[in-house]
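Student: any chance you could fold what I've pasted below:
(chains A and B)
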Protein chains: 2
Amino acid sequence: MQLVKFSSHLTQEIEQIKAYNKTIGFIPTMGALHEGHLSLVKAAKDTCEVVVVSIYVNPTQFNKKEDLDKYPRALEQDMELLKGYADIIFNPKSDVEIYGDEIQLKAYDFGKLDEPLEGAFRPGHFKGMANVVSKFFSLIQPDKAFFGLKDYQQYVLVKEMVKIDGHPVEVIGSPTVRETSGLAMSSRNRRLSPKALDAASVIYYTLTYCKQYAQHIPLNQLKETGLHMLKNIMQTEYLEFRTADTLEEYEHLKDGDNVFLSYAGVIEGVRLIDNIVFEV
Amino acid sequence: MQLVKFSSHLTQEIEQIKAYNKTIGFIPTMGALHEGHLSLVKAAKDTCEVVVVSIYVNPTQFNKKEDLDKYPRALEQDMELLKGYADIIFNPKSDVEIYGDEIQLKAYDFGKLDEPLEGAFRPGHFKGMANVVSKFFSLIQPDKAFFGLKDYQQYVLVKEMVKIDGHPVEVIGSPTVRETSGLAMSSRNRRLSPKALDAASVIYYTLTYCKQYAQHIPLNQLKETGLHMLKNIMQTEYLEFRTADTLEEYEHLKDGDNVFLSYAGVIEGVRLIDNIVFEV
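Tutor: Here you go, the predicted model:
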């Protein structure tokens, strides 16, 4: 396993791998790795010859400086976790390695895909995310890239960015990994007290309730009940049913469409998201 | 396995068993047996030498004649299920075998135990139940009698009746047996459509939610949310938190007390009950 700090160095490594015609699997991360990340890395190892993991807390995708500052960092622990799975870890020495001397972001036209949900609550987040992932794809030239479906809207937008920029990469979404309680694994969970960790399982409990009874209760009623189930524990930002393909409001659902039920809310000052996709 | 139709005949059988000093386990049922009943019968077989099951739809514990008329009957199927487990099935030929020529009911003083919940919603139910169980205990003289904890208030009252009448029997409560969906097994489930069978699992889903988050949400808020979770599927009669020992309102709960969360509601005209007991 090799730790790479400079883009120029990474480019050399990638050229060598390409010279040997080896397939590259890539997982972009912001570090503070958990079982969810590891499931992506394992999926890459199962299907690609070389596994590249980036660990980079990208400043351009944080809409609040406070959130960027508080984002957990744990490089040594991360390296330990990746042993035996990753071949190259790219941990840029500074933002210059990614953005050069001046940060300039491309304005993607994602139609309405980046407007609702995270797009509405984290202005600029997806612009920063799409830019950094596109830069990584150019540098690393992966055959496959792996994204967790906990960030479902991100997964949809990465696929869109790949179309726009013409990257020859297959974007793969992997199922959310959960604690026994049902809580989605997240680096941010580290900032929660044991009590809040337990209580926050109410998010998945509520999503599952909505999926379970979607055949029996109209979606607008389900939403109201879901908000009730959450309200004494979480400060909810949104709980929304949307079409899984186009992220439109659920009134646009047609028979056989999948529903994407998406959640964001705050507990102990920590913002958590989760979702569930199901047929209605 | 022996089918007995007359009390006089049953008395003879019991005398013989007692002459051999064999222990008797007894399960009173109203027939239409399911896995829940069977778990009681198996518990009796595991701990007693002779197992007696009564199958008798007791008219004095129905407060609505319509409910009595609709109660499912399935004697042949029941006999089939009990093969290999029960030794004697007591299926009284008529009410005369139990009550004589004229039905006369003893008025038990249960304090406040029979006032709330089922007592409030089914006037006379517990009086009829206690009378018939006491008569069975006199006839059968069991060492142990087995009751399902789905009817938790009944279980509490049977123990009270045993004290009052001085029956030398150990009353044993067995955990509720559930469908995969979580729905408590009940003879009444047979009257539900497949859709309602699926939807009615919301009862246990709600009880489990309340248990799960009782540490995080005040009980009065939990109750409100629970009613929300149920309201688009069930016509709820009650959802109540009470003390598990004395069935008092939850305001009387002290540290370390167990909570008894009890539910009754109607779907497709079928009345279902369920409960869950847990620490707070």
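Student: contacts, neighbours, all on C-alpha from now
Tutor: Fine.
Student: now do the strands in the stretch 1-150 of chain A.
Tutor: According to DSSP state E, counting those that start in this stretch, the stretch 1-150 of chain A carries its strands in the segments A:2-4, A:24-29, A:50-55, A:88-90, A:144-148.
Student: and the contacts of the third one?
Tutor: Just to be clear, that refers to strand A:50-55. A:17, A:22-31, A:41, A:44-45, A:85-92 (Cα atoms under 8 Å, 6 or more residues apart in numbering or on different chains).
Student: same question for the fourth one.
Tutor: Residues from elsewhere that reach strand A:88-90, judged by Cα under 8 Å, 6+ apart: A:1-6, A:10, A:51-56.
Student: ok, now the second one?
Tutor: Counting contacts by Cα under 8 Å, 6+ apart, the residues outside strand A:24-29 that touch it are A:37, A:40-41, A:44-45, A:47-57, A:133, A:136, A:140-147.
Student: from those, which would you call buried?
Tutor: A:37, A:40-41, A:44-45, A:48, A:50-57, A:133, A:136, A:140-147 (16 or more other Cα atoms under 10 Å in any protein chain shown).
Student: give me the neighbour count for A:G100.
Tutor: Each residue near A:G100 was counted by other Cα atoms under 10 Å in any protein chain shown, and the total is 10.
Student: quick one: it from A:H9, how far?
Tutor: 15 Å (Cα to Cα, to the nearest Å).
Student: so can I have TSV of the strands of the stretch 1-150 of chain A showing mean pLDDT?
Tutor: Putting the strands of the stretch 1-150 of chain A into TSV (pLDDT from 0 to 100) gives the following:
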stretch	mean pLDDT
strand A:2-4	97
strand A:24-29	98
strand A:50-55	98
strand A:88-90	98
strand A:144-148	98
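Student: export the ones you listed to a markdown table and tack on distance to A:V158?
Tutor: A markdown table is the format used below for the strands of the stretch 1-150 of chain A (distance: least, Cα to Cα, whole Å):
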| stretch | distance to A:V158 |
| --- | --- |
| strand A:2-4 | 24 |
| strand A:24-29 | 12 |
| strand A:50-55 | 16 |
| strand A:88-90 | 20 |
| strand A:144-148 | 9 |
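Student: among those strands, which is nearest A:L272?
Tutor: strand A:144-148 (14.5 Å; Cα to Cα).
Student: which parts of the helix or strand that that closest one is followed by are buried?
Tutor: Counting by DSSP states H and E, the next helix or strand C-terminal to strand A:144-148 is helix A:152-165. Judged by neighbour count (16+ other Cα under 10 Å), helix A:152-165 contains these buried residues: A:Y152, A:Q153, A:Q154, A:Y155, A:V156, A:L157, A:V158, A:K159, A:E160, A:M161, A:V162.
Student: avg pLDDT for helix A:152-165?
Tutor: Mean per-residue pLDDT for helix A:152-165: 98.
Student: packing partners for it?
Tutor: Helix A:152-165 is packed against helix A:125-140, strand A:170-174, with contacts defined by 3 or more Cα pairs under 8 Å, 6 or more residues apart in numbering or on different chains; DSSP states H and E.
Student: burial of whatever residue of the stretch 1-150 of chain A ends up closest to chain B, as a residue count?
Tutor: With Cα to the nearest Cα as the measure, A:K150 is the residue of the stretch 1-150 of chain A nearest to chain B, at 22.8 Å. Other residues near A:K150 come to 23 when the count uses other Cα under 10 Å.
Student: from A:D143, how far off is it?
Tutor: Plainly put, A:K150 is 22 Å away from A:D143 if you go by Cα to Cα.
Student: kindly report the same for A:S39.
Tutor: Using Cα to Cα, A:S39 is found at 18 Å from A:D143.
Student: and the residue of the stretch 51-200 of chain A nearest chain B?
Tutor: Taking Cα to the nearest Cα, the stretch 51-200 of chain A has A:A199 as its residue nearest chain B, at 6.5 Å.
Student: I'd say that residue and A:L230 touch.
Tutor: No: the criterion here is Cα atoms under 8 Å, and A:A199 misses it with A:L230 at 9.7 Å.
Student: domain parsing for chain A?
Tutor: A:2-174, A:187-279 (automatic domain parsing).
Student: make JSON lines from those and add distance to B:K64 to it.
Tutor: Converted to JSON lines, the domains of chain A look like this (distance: least, Cα to Cα, whole Å):
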{"stretch": "domain A:2-174", "distance to B:K64": "52"}
{"stretch": "domain A:187-279", "distance to B:K64": "29"}
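Student: closest to B:A214 out of those?
Tutor: Proximity to B:A214, assessed across those by Cα to Cα, is greatest for domain A:187-279 (9.8 Å).
Student: output the lowest mean pLDDT helix or strand found in chain A.
Tutor: helix A:65-70 (a mean of 91; mean pLDDT, DSSP states H and E).
Student: good, wrapping up.
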